[in-house]
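Asks: Could you look at this predicted model? Sequence included:
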Amino acid sequence: MRPFPWLTVLTLIPLCAGLGVMRWGAARALLARCVAIGAWAMTLVLVLGLGAAVDLQSGALQAVERYPWVPALGIEYYVGVDGLSWVMLLLTVLVTGMALVATEGIRERPHLFYGLVLCLMAGLFGTFTALNFVHWFLFWELSLIPAFFLVRLWGGPQRQGAALQFFLFTLAGSVAMLLGFLALFLASGQMNFPELSQWAREGRLWSALEERWGGGNATGGVWATLVFLGVLAGLAVKVPMMPLHTWLPQTYAEAVPPVSMLLTGVMSKMGVYGLVRVLLPVFGEPMRAAGPWLLGLAVWTVVVSACAALVQRDLKRMLAYSSVNHLGYCLLGVFAVAAAGETTGSEVHRAAALNGVVLQMFNHGLTAATLFWCVGLLEARSGGRRGIEDFGGLRAAAPVFCGLMGIAVFASLGLPGLNGFVGEFLIFRGVFPLVPWAAVLAVPGLLVTAVFLLTMMQRVFHGPLRPEWSGWPDLSWRERVGLGVPVALMFVLGVWPQALLQWINPFVVRLLEGLRF
Amino acid sequence: MEGWVEWLWLIPALPLGAAAVSALLPRVCRRTAAGLAIASLAVALGLSVGAFVETLAWEPGARQVCNVRWLEFAAGEAGVLWLGWVLDPLSAAMLVMVSGVGLLIFVYSLGYMAHDENFTRFFCFLSLFVAAMLGLVMANSLVGLFICWELVGLTSYLLIGFWYRKPAAAAAAKKAFITTRVGDMAFLLGLVWWFGSTGTQLFFDGGRGCLEATALQQVTRETALWGLTANTAIGLLLFAGAVGKSGQLPLHVWLPDAMEGPTPVSALIHAATMVAAGVFLMARVYPLWGEPAGEGISAVAHVVAWVGALTAVFAAAVAVAQDDIKRILAYSTISQLGYMMLGLATGGVAVGMFHLLTHACFKALLFLGAGSVIHGCAEEQNIWRMGGLGRRMPLTFVTYAVGMLALAGFPLVFSGFWSKEEILHAAHGWRGSEGPFWLALTGVCLTAFYMTRQVVLVFAGERFRGSGREAEGSAEPHESPPILTAPLLALAALSVGAGFVGTPAWPWLQGYLEGRAVAVDWGRLFSGEFWGLAAVSGALVMLGMGLGGWLYGRRQVREALRDPLERLPAAVWPALRNKLWVDELYERTVVAGLARLSNWCDRMDRWVWGGIVQAVALMTAAVALLGRRTDEVVVNGAFDQVCEGLRRQGRGLSAWQNGRVHRYLGTLAGAFVVLVWWLVWGGGSR
């Protein structure tokens, strides 16, 4: 008897529900919401069940389904889950749930909105479980389409330009990545990530590439560099890595809060996921060669985005830059692991950095989504205003809201006891011994993050209450519960990070065993 | 491992639980919140005293630790991050001090904050602070210490900004958090460096800890930049963290502003306990930076001694020219923390810690006394608008005078004298340099002077000057209720008594902290070595007090509301008055620099990177337009031309095919004639 196809079912549920909901029409909005929440609940049960059913702590791939699809082109239906994937699946479910709760405010074409969110969820599930490039790429692009429409159809006045920029940027990155993988396929005949990693580990991949494309004479790895840059571009746009980030502030600011939550909470993780899943095992050698440059870009991302956030006057743009900053630490961790080269005793540092990266992905998704939600609540109660100078003294009018958002802000700036600290600490713990200069240069980012987040709290929460906000309603009970869940999770993960690290660490250890630089 | 250490975690856990419960309580549950906070801290104090008594019975130099696994970040045992706590004389003494002073201040807050609408929240934050502080002093891991270190910073932020409606309080809270975070980032780097190099961050771990010989040798051998050994570099990074927390130069600017918080907060956090955490950290990691045997004096000791001495004098000088009763005490705290650093660097752990403990008592006393004064004078804080309070608030006056004499180091009776003498002795005998010693002596005189100035202006005379704005009769200051004065009396007793555990005759505390047995020897008290210096510093104290009494004691000076020091030559007065313009300097350089950098980053983003994207987009659009033109003009045009040509030809040809038979026949006939003619004549000629 075949084992239960966990991952296929997991991906199909939101896809079918989403497509079904979209066909209904606007009349059945409530039903659409119920179906969406029902489908979401099923995925939650499945993800938790999956975590209990398979042995993730072995570090190996679990719940693998593998069927030939187009054998001539090396395309397979190939999915599996390990610690990294499972944590990302959990994050997807969590953030989508938060986004669904935050979606109450959508009046226009709600059925379409729910449908698109569910399709996006399916795309993300597929991306986080696929192990064959074509299969993965399909879902990678599939998630882009609902995201495009979600930004394009709802949101602020400049949403059209934002959506187009978002789409074109990510599409351009995707094309570069596709070309890169085609070149690899033509050289090696492999499309599966595990096999490609195997080739890279054995040192066959790059010689095969040069042989196929460079006419046999080794030309200093030009082809390897080109392919690497193409794939890197595709992933870096999504993260984003500066200077490929210009689509982001506008898109996050123009999108409605639930969409911003999904974009920053999960879609930005696709890029980092790709870095860990694909770039590190397959492109270890070119990454090491380009190490200082990549680290420079990561440091640049960390510091410049924090500084840019400091001068934003729009809260959503500020949070958008803050997101870039936080994912910059992930870039720093991944690049440092690759750049350091092989020295004795560095395994612990690498493992620390990678554990930190994966934990930071989850933590940032949780925290940033909560913060975007909070700004959405601010916007909804103040007639769409979200300038940093538009408020003042809100703590007097809405102590519960300010308390919960304040906790999220402190989680975001990495206060110990809340979730953000552990990831950032582990990244610096790993990066410093590997590449001290990068860690030292990135540290000001942590400082400036505190500056702009506290400035925001000072302007919005503190000071005398402005008369126009004196009747500003505090959170309703439903909102309290809704925001309370992620905030409680921030405490749990801050105090007991082992809850996630017990899944992440085995994956990281196994990944590092197979790396070759 | 049996005994107290297993249960030591309860000491911070109890206040933490109280904080968690009262965070969820509604605002009206004032009694519950305060009761929980005080009860939990009282139990914690009991446990701390129990632990302290336990350590008294130990062999000198003994300690007990208890470590717990927190998380796993790599394969195997090397990848386990441990947290833990340690019971040794240093942590036991700190535990008793923090919970004892904390409990008195909690009781005081009951009265002081009684009318505040956020009373419940206040006790929640206070409990959280005490929990973090107790966790900090008993931490056995650098990471655990850092976690608590950041948490006390958070509660400091929350409590400075407690009256969040005041813009000044909100700004001061932010400034405090960010300024200390500058130091914290250095601390973080030092922490990951130490952790990365030695593979452990537990202080004591049965020989494997990072403060034990093997790991220390490892970092001593490792060379960092510019020929520094790694332990020096790590020590300096940790010291930078301590500089931020303990308000040392150049990161002292946040502490005076922190006085925007409620006075019990200033007493507990910004005088007695949290700001001393920097000194405690340096004491805890002393083996890292202490003098290597027979190799002269470590660079860290040099830096700490000089920074401490300079801070001591600088802050004391600035305190001379301030008018706000709490700000004077804040600068005094900065100055005294400088003395503690100097004591650590020149005399070792015991010297610095002795002053830390006595200072906690008398500075908490002074702040609570100042709170009582402020309370009695209807929130007035300017010492020029007080006066004559000695008669009106006798209990406050007496206790405040005790605190002032202790701080000034009045000989023999008061605790501050004994602990300050220790520091001066250590600085005098230090082989590194004589400079810090002379600076410290100058500071002694200044301290006596500014405290006399303050006490005279606040308490002396008959008349209460007031601000001149208050309504008739309503402004008469009054003594505070017993709930405020009882803690003052207790602290006053401690401010006197705490000194006698560390006198030269019986240096019990030093022996306790350094793990050696000491005996009573009255001879040491009468030795010339002690007396010589004590006489000099005593004379300096008298000089400062006399000068202060002479300058401010005259009634016409106090009534003129003009500081006689304004007549000092050159720019001395404006310089001191404006705190040597350090704030302005930072405003112009660091703050403005960061703003410019940020603006530049934003402009780069908008115009350069955004511009490149726009340019690419425009180019794409241009190419598209060109393509369209090409399509329309060249491709379509050519196609149309060809079509048109074909059509024209077709039309021409169709003229031939017009269906008229006679034309076809005519054409056939003509062609036939031409063919025949060609065949017969043209072809035949060949």
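Replies: Looks like it came in fine. Numbers count the residues shown, from 1 in each chain, chains lettered A, B, ... in the order given.

Asks: going forward, measure contacts and count neighbours with C-alpha atoms only.
Replies: Will do.

Asks: Tell me where the model's unsure across the stretch 1-150 of chain A.
Replies: Applying pLDDT under 70 to the stretch 1-150 of chain A flags residues A:1-2, A:26, A:105.

Asks: wait, doesn't residue B:318 sit right on residue B:331?
Replies: Yes: applying CA atoms under 8 Å, one finds residue B:318 in contact with residue B:331, separated by 7.0 Å.

Asks: These two: who's more crowded?
Replies: Neighbour comparison, residue B:318 and residue B:331: the larger count goes to residue B:331, with 27 against 23 (by other CA atoms under 10 Å in any protein chain shown).

Asks: Output the contacting helices and strands for the helix or strand hosting that one.
Replies: Per DSSP states H and E: residue B:331 is located in helix B:325-347. Judged by 3 or more CA pairs under 8 Å, 6 or more residues apart in numbering or on different chains; DSSP states H and E, helix B:325-347 is in contact with helix B:254-257, helix B:277-284, helix B:299-320, helix B:349-376, helix B:415-428, helix B:435-459.

Asks: Quick one: mean pLDDT over the fourth one.
Replies: Average pLDDT, helix B:349-376: 91.

Asks: and after it, which helix or strand comes next?
Replies: Counting by DSSP H and E, the element after helix B:349-376 in chain order, helix or strand, is helix B:389-392.

Asks: chain center to that next one: distance?
Replies: Put simply, helix B:389-392 sits 37 Å off its chain's centre (CA atoms, centre = their mean, to the nearest Å).

Asks: and whatever helix or strand residue A:140 lives in, how far out from the chain's middle?
Replies: Counting by DSSP H and E, the element that carries residue A:140 is helix A:133-153. When distances are taken as CA atoms, centre = their mean, helix A:133-153 is centred 14 Å away from the chain's centroid.

Asks: what about dumping the CA coordinates of that helix to CSV?
Replies: Output in CSV follows, covering the C-alpha atoms of helix A:133-153 (Å, rounded to 0.1, in the frame of the first residue of the first chain):
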residue,chain,number,x,y,z
PHE,A,133,13.4,22.3,-10.8
VAL,A,134,10.6,22.5,-13.3
HIS,A,135,8.0,21.4,-10.8
TRP,A,136,9.4,24.0,-8.4
PHE,A,137,9.6,26.7,-11.0
LEU,A,138,6.0,26.1,-12.0
PHE,A,139,4.8,26.8,-8.5
TRP,A,140,7.2,29.6,-8.0
GLU,A,141,5.6,31.3,-11.0
LEU,A,142,2.1,30.1,-10.1
SER,A,143,2.4,32.0,-6.8
LEU,A,144,3.4,35.1,-8.6
ILE,A,145,0.2,35.3,-10.6
PRO,A,146,-2.3,35.5,-7.7
ALA,A,147,0.0,37.9,-6.0
PHE,A,148,0.1,40.1,-9.0
PHE,A,149,-3.7,40.3,-9.1
LEU,A,150,-4.0,40.7,-5.4
VAL,A,151,-1.8,43.8,-5.6
ARG,A,152,-3.4,45.0,-8.8
LEU,A,153,-7.1,44.7,-8.0
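
Asks: So which elements touch that helix?
Replies: Under the contact criterion of 3+ CA pairs under 8 Å, 6+ apart, helix A:133-153 touches strand A:75-81, helix A:110-129, helix A:159-188, helix A:257-262.

Asks: quick one on the thing from earlier: so which of the helices and strands packed on helix B:325-347 comes closest to chain A?
Replies: In terms of CA to the nearest CA, the element of those nearest to chain A is helix B:254-257, at 14.3 Å.

Asks: Just the element for residue A:66, please.
Replies: Assigning secondary structure by DSSP H and E places residue A:66 in strand A:62-70.

Asks: re earlier: would you list the helices and strands packed on helix A:133-153 in CSV and tack on distance to chain B?
Replies: What follows is these, written out as CSV (distance: least, CA to the nearest CA, whole Å):
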stretch, distance to chain B
strand A:75-81, 20
helix A:110-129, 22
helix A:159-188, 9
helix A:257-262, 20
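
Asks: Mean neighbour count and distance to residue B:546 for those - can I get that in CSV?
Replies: Supplementary listing: the helices and strands packed on helix A:133-153 in CSV, determined by neighbours: other CA atoms under 10 Å in any protein chain shown; distance: least, CA to CA, whole Å:
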stretch, mean neighbour count, distance to residue B:546
strand A:75-81, 21, 80
helix A:110-129, 27, 78
helix A:159-188, 20, 73
helix A:257-262, 28, 67
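
Asks: Residue A:68: which of these is closest?
Replies: Residue A:68 lies closest to strand A:75-81 among the helices and strands packed on helix A:133-153, at 4.5 Å (CA to CA).

Asks: Using PDB, write down the CA coordinates of that closest one.
Replies: Extracted in PDB, the C-alpha atoms of strand A:75-81 (Å, rounded to 0.1, in the frame of the first residue of the first chain):
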ATOM      1  CA  ILE A  75      10.900  16.600 -15.400                       C
ATOM      2  CA  GLU A  76       9.500  14.700 -12.600                       C
ATOM      3  CA  TYR A  77       6.700  15.200 -10.100                       C
ATOM      4  CA  TYR A  78       9.000  15.100  -7.100                       C
ATOM      5  CA  VAL A  79       8.000  16.400  -3.700                       C
ATOM      6  CA  GLY A  80       9.400  15.900  -0.200                       C
ATOM      7  CA  VAL A  81       9.600  17.500   3.200                       C
END
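
Asks: at contact distance from chain B, anything in whatever helix or strand comes next after that strand?
Replies: Remark: after strand A:75-81, the chain's next helix or strand is helix A:83-101, criterion DSSP H and E. No: counting by CA under 8 Å from any CA of the partner chain, chain B is not contacted by helix A:83-101; separation bottoms out at 13.5 Å.

Asks: and the angle for helix A:83-101 with strand A:62-70?
Replies: Relative orientation of helix A:83-101 and strand A:62-70, computed by axes from the mean of the first three to the mean of the last three CA atoms, to 10 degrees: 90 degrees.

Asks: in the least confident helix or strand in chain A by mean pLDDT, what's buried?
Replies: Here the helix or strand of chain A ranked lowest by mean pLDDT, DSSP states H and E is helix A:204-213, holding a mean of 75. Residues of helix A:204-213 classed as buried under the neighbour-count rule (16 or more other CA atoms under 10 Å in any protein chain shown) are A:205-210, A:212-213.

Asks: would CSV of those with distance to residue B:264 be doable?
Replies: Converted to CSV, the buried residues of helix A:204-213 look like this (distance: CA to CA, whole Å):
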residue, distance to residue B:264
A:205, 68
A:206, 68
A:207, 71
A:208, 73
A:209, 71
A:210, 72
A:212, 76
A:213, 75
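
Asks: Please go through these and note which also touch chain B.
Replies: Among those, no residue sits close to chain B (CA under 8 Å from any CA).

Asks: got the buried residues for the longest helix that chain B contains?
Replies: Longest helix of chain B, by residue count under DSSP state H: helix B:167-198. When burial is assessed from 16+ other CA under 10 Å, helix B:167-198 yields the following buried residues: B:167-198.
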